[in-house]
Every structure is written in structure tokens, then in C-alpha cells.
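Participant: What follows is a protein structure lacking sequence information:
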């Protein structure tokens, strides 16, 4: 059995622009359509280990709007459970160590600063 990871939506570019990728991954993983994308950072997640740059966005979405299936792509063996948390719950999960993904922590801190 593997430990579940709580993380923000993310994915590989696969030849797309970062914006197109962000919108595609939001639909594939969570079934949501994003509003305007706001760049948080264009950073190296772990420069000593990985050469790729990561573009990190915050975006609004309508939580009451109808959704597509989400959950990831079966052919890629993705098994994603969509978890929506309030900001306060998410910050509590960072403090407890339940959220340990650096990308997610960066996004939640950016959301806190933007509030």
C-alpha cells in the first residue's frame, strides 16, 4: 500500500504551453474549467536534481458549475480523488505535515498572500 499525496493540480507540458497544460490538467484531474490564470512563479522545483522549470498558477473556478468526470486518465493509470479544502483546512494540513508537496505549499502560501 502506498501513502496518498495531497497535491495541487499539475502535469507535464507534453508540447503545450504552460497555460494550455494548466487548463488541460484541471479538466483531466478535477473536471473543472479554470478562470484567468495568474502566474505565481516560473521556478526550478529542485535545481540540483531536475533541470525543468515549473510554471505555477493560481486561478479561480466556479465550484458550483457542472463538472466533467475528472479523476485522471485511465490509460495513464491515474487514480485521482478530488479533494477540496478551505484555505484554513489546507494551512492546518501543511502545519501537520499532511500536505508535504512543495508545489502545493508554494501555491497555498501565494493564495494566503493574495487574500
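Facilitator: Structure received. This is a predicted model, so every value here is computed, not measured. Numbering: from 1, shown residues only.

Participant: where does the protein have low pLDDT?
Facilitator: 1-2, 74-75, 77 (pLDDT under 70).

Participant: Could you pull out the strands in it for me?
Facilitator: Using DSSP state E, the strands of the chain run over 37-43, 54-59.

Participant: out of the ones you listed, which comes closest to residue 9?
Facilitator: Comparison of these against residue 9 by C-beta to C-beta identifies strand 54-59 as nearest, at 9.4 Å. Every C-beta, even on glycine, is put in place using the N, C-alpha and C of the backbone.

Participant: That closest one packs against which elements?
Facilitator: Other helices and strands packing on strand 54-59, by 3 or more C-beta pairs under 8 Å, 6 or more residues apart in numbering; DSSP states H and E, are helix 18-30, strand 37-43, helix 102-114.

Participant: looking at those, which is buried most?
Facilitator: Each of these was scored by mean neighbour count; the highest is helix 18-30, a mean of 18, by mean count of other C-beta atoms under 10 Å.

Participant: How far does it sit from its chain's centre?
Facilitator: 9 Å (C-alpha atoms, centre = their mean, to the nearest Å).

Participant: Now do the residue nearest to residue 11 when sequence neighbours are not counted against residue 66, distance only.
Facilitator: Spatially, and ignoring its direct neighbours in sequence, residue 11 is nearest to residue 25 (3.8 Å; C-beta to C-beta, 6 or more residues apart in numbering). As judged by C-beta to C-beta, to the nearest Å, residue 25 and residue 66 stand 19 Å apart.

Participant: swap in residue 112?
Facilitator: Applying C-beta to C-beta, the value for residue 112 to residue 66 is 29 Å.

Participant: And for residue 6?
Facilitator: Taking C-beta to C-beta, one finds residue 6 at 25 Å from residue 66.

Participant: Pick out whichever of the two has more residues nearby.
Facilitator: Neighbour count, other C-beta atoms under 10 Å: between residue 6 and residue 66, residue 6 has more, with 15 against 7.
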